[in-house]
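Chemist: got a predicted structure here, sequence first:
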Amino acid sequence: MTQWIRYERSGRVEFGTLEGGEIAVHSGDMFAGAKPAGETVKLAEVRVLTPTEPSKMICLWNNFHQLAAKNGFLVPEEPLYFLKAPSAYHPAGLPILRPKSYSGRIIYEGELGVVIGKKCSMVSEAEASNYIFGYTCVNDVTAIDLLKKNPTFDQWVRAKSFDTFGVMGPVITTGVDPMQLNVRTVLNGKERQNYPVADMFFPPAKLVSMISRDMTLMPGDVIACGTSLGAGVMGDAENVIEIVIDGVGRLSNPFDQVLPSPYLLEKEPAPIKACVVGAGAIGGLVAARLALAGNDVTVIDMGAHLAAIKAKGLTLEWHDGKVETAKVKAVEKAADAGKQDLVVLAVKAHYLDQVVKDIDNLLGPETMVMTVQNGLPWWYFQRLGGKYDNKKLESLDPTGILTQKIDAGRIVGCVVYPAAAVTAPGVIHHVEGDRFPIGELDGKETERVKRLHDVLVRAGLKSRVLKDIRSEIWLKAWGNLSFNPISALTHATLVDICQFPETRHLAARMMEEAEAIAKKLGVTFRVSIEKRIAGAEAVGAHKTSMLQDVEAGRSLETEALIGSILEMARLTDTPAPAIESVYALVKLLNKVMLLEGGGVRVEKAKAA
């Protein structure tokens, strides 16, 4: 085993072999007949450079079984790769820099780098090892929020080619068996990645062979083999990131940054007056978070839940065990709440026509109305433009009262990803998730939507302003369409549905039909059906909101989750037999529950 290193000494670029803390200086070409110069120099006396100056750095994506299995990626038939710009190449020891033009998240990806030793084109897998000079450590740094910023074009090269984002080194090690290696990544002293090279779909020799069919590989070129589980954000103001491959080397770099403001308007937002209509699972979560952040919050609800909130406040149990009680004003009528800066409509879609009757009491000239219902919203076609602009969804606004009472110009769309439940009057239990992406109906990034984003972030929630809120709504509705009614009919949790072959297949079939409908409306999905199902499975033994309603004997969100999508199927002339069948069953279940005046709950049989 030999470790080769490039360095600068007295203004000259040199190379040699490293052992301990000393470099045996060599002359000639590292990759072709290098010879000892008969001189040594201490490592501490030189400036370490990248171990090679590649003509290109080829970086793999989706090259590990474990990562693909977790994320639902398809097994690639051939290597999937992109190139990093040479201006991104960066040596060990020097700081990784935050780009001045980018304020989003920056992630590390620890990888094994294959260094080519000879000009290589159209070689077989059996020959390929003869063209590999050695191996190095790579940190494939990524501006992750850029990668899929444009829904029509993934920006791999841009996200990964900022100056200093192609970190490699400090040495090239020869004479090692790559299939015996493990890649570890350590961030600020904590191990974040630890995975075997042997888990690759395309191991080094196969990679060299297959890539050499596409382009000529030159001496010094680097193939970064891709990463596995554990890649993550370098989020602290001061970071030290280390890629450690025992038997190859340790690549260490600082990443110090002035953290970008989490606020789009660059300063902490002033408190607002907010009214949450419906303090159930999601409404209660939002109300509590807003109130705990210092906003003036009123909730509108009824019955025992309202009484408990009036008496003791609104208690929020977070998934990590933290329990906080928010002081909110609790009323039964909008007339008692007064004019608001923000109204959050958090009741289920089929109750909206009742709560908007007196919504005028809450609305001032600039009041925003944020909708957080499951499924498709009644305003879907408002301010859309194009063929279906301002078309009314009969299934969601049959009387037209929603369109009449709430001007479309007030509305901000929102997609709710957290899971939560009301576990007792006045008590909200958070299960998982904290994302609330929002967007204007016409896609503009207005001052008010930025301000709302900042208010949500100030409340400890994650948010993004999206130019296409409808595509995000479809992504959430995609799962609700299938998982909610299936759970209502079977009393199964998310993980049970996803792990039972027949219901997993049914959910996928319904999602396929919905995707066909959405595509005719110009909607693009950023994840696959399998990944969407895997995400639901990962939530675990969670009862969907519709199953919770069945057990409590409440009216079901049949039209918002399923009927509206069938209306769009008819509108776009798209067959949807699986959705139609499940819709009929859930609609009948809802009717029976209402007629009988009760819900349905599965209970263990009592011993005889």
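Modeler: Okay, I see it. Residues are numbered from 1 along each chain as shown.
Chemist: count of neighbours near the closest residue to residue 31 other than its chain neighbours?
Modeler: Using CB to CB, 6 or more residues apart in numbering and skipping the chain neighbours, the partner closest in space to residue 31 is residue 219 (4.1 Å). Every C-beta, even on glycine, is put in place using the N, C-alpha and C of the backbone. When neighbours are defined as other CB atoms under 10 Å, residue 219 has 19 of them.
Chemist: for residue 219, helix, strand, or coil?
Modeler: coil (DSSP: H, G, I helix; E, B strand; the rest coil).
Chemist: in contact with it, which residues?
Modeler: 29, 31, 32, 116, 117, 118, 119, 133 (CB atoms under 8 Å, 6 or more residues apart in numbering).
Chemist: beta partners of the fourth one?
Modeler: This means residue 116. residue 132 (DSSP bridges).
Chemist: distance of it from residue 208?
Modeler: Distance of residue 116 to residue 208, computed by CB to CB, to the nearest Å: 7 Å.
Chemist: overlap in contacts of those two?
Modeler: Contacts common to residue 116 and residue 208, judged by CB under 8 Å, 6+ apart, are 131, 132, 217, 223.
Chemist: what's the local residue count around the second one?
Modeler: Just to be clear, that refers to residue 132. Residue 132, neighbours per other CB under 10 Å, totals 21.
Chemist: list the contacts of it.
Modeler: Contacts of residue 132 (CB under 8 Å, 6+ apart): 114, 115, 116, 117, 204, 205, 208.
Chemist: that one and residue 211, how far apart?
Modeler: 12 Å.
Chemist: tell me which helix or strand comes right after the longest strand anywhere in the chain.
Modeler: Taking DSSP state E as the criterion, the chain has its longest strand at strand 32-42. In the C-terminal direction, the helix or strand that comes right after strand 32-42 (DSSP states H and E) is strand 47-48.
Chemist: list the contacts of that following strand.
Modeler: 5, 6, 7, 8, 9, 91, 92, 93, 169, 170.
Chemist: quick check, the last one in contact with residue 245.
Modeler: So that's residue 170. No: using CB atoms under 8 Å, residue 170 is not in contact with residue 245; the gap is 11.7 Å.
Chemist: give the residue spans of the chain that score low on pLDDT.
Modeler: Flagging of the chain using pLDDT under 70 yields the residue ranges 608.
Chemist: show me the longest helix that occurs in it.
Modeler: helix 469-490 (DSSP state H).
Chemist: go through the shared contacts of residue 116 and residue 208 and name the one nearest residue 268.
Modeler: residue 223 (45.8 Å; CB to CB).
Chemist: what residues are up against the closest one?
Modeler: For residue 223, the contacting residues are 57, 58, 59, 60, 113, 114, 116, 204, 207, 208, 211, 217, by CB under 8 Å, 6+ apart.
Chemist: filter those down to the buried ones and express that as a PyMOL selection.
Modeler: Typed into PyMOL, the line below selects the buried ones among these, using 16 or more other CB atoms under 10 Å:
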select buried, resi 57+58+59+60+113+114+116+204+207+208+211+217
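Chemist: the contacts of residue 223 in strands, which ones?
Modeler: 57, 58, 59, 60, 113, 114, 116.
Chemist: wouldn't the second one be in contact with residue 211 here?
Modeler: Read it as residue 58. Yes: contact criterion CB under 8 Å: residue 58 and residue 211 qualify, at 6.1 Å.
Chemist: picking that back up, which of the contacts of strand 47-48 are buried?
Modeler: For those, buried by 16+ other CB under 10 Å: 5, 6, 7, 91, 92, 169, 170.
Chemist: A helix includes residue 16, no?
Modeler: No: per three-state DSSP, residue 16 lies outside any helix segment and is strand.
Chemist: and it, what are its bridge partners?
Modeler: As assigned using DSSP bridges, the partners bridged with residue 16 are residue 5, residue 25.
Chemist: for burial, what's the neighbour tally of it?
Modeler: So residue 16, with other CB under 10 Å, has 24 neighbours.
Chemist: ditto for residue 238
Modeler: Count around residue 238 with other CB under 10 Å applied: 10.
Chemist: quick one: it and residue 254 touch, right?
Modeler: Yes: if you go by CB under 8 Å, residue 238 and residue 254 touch, sitting 7.3 Å apart.
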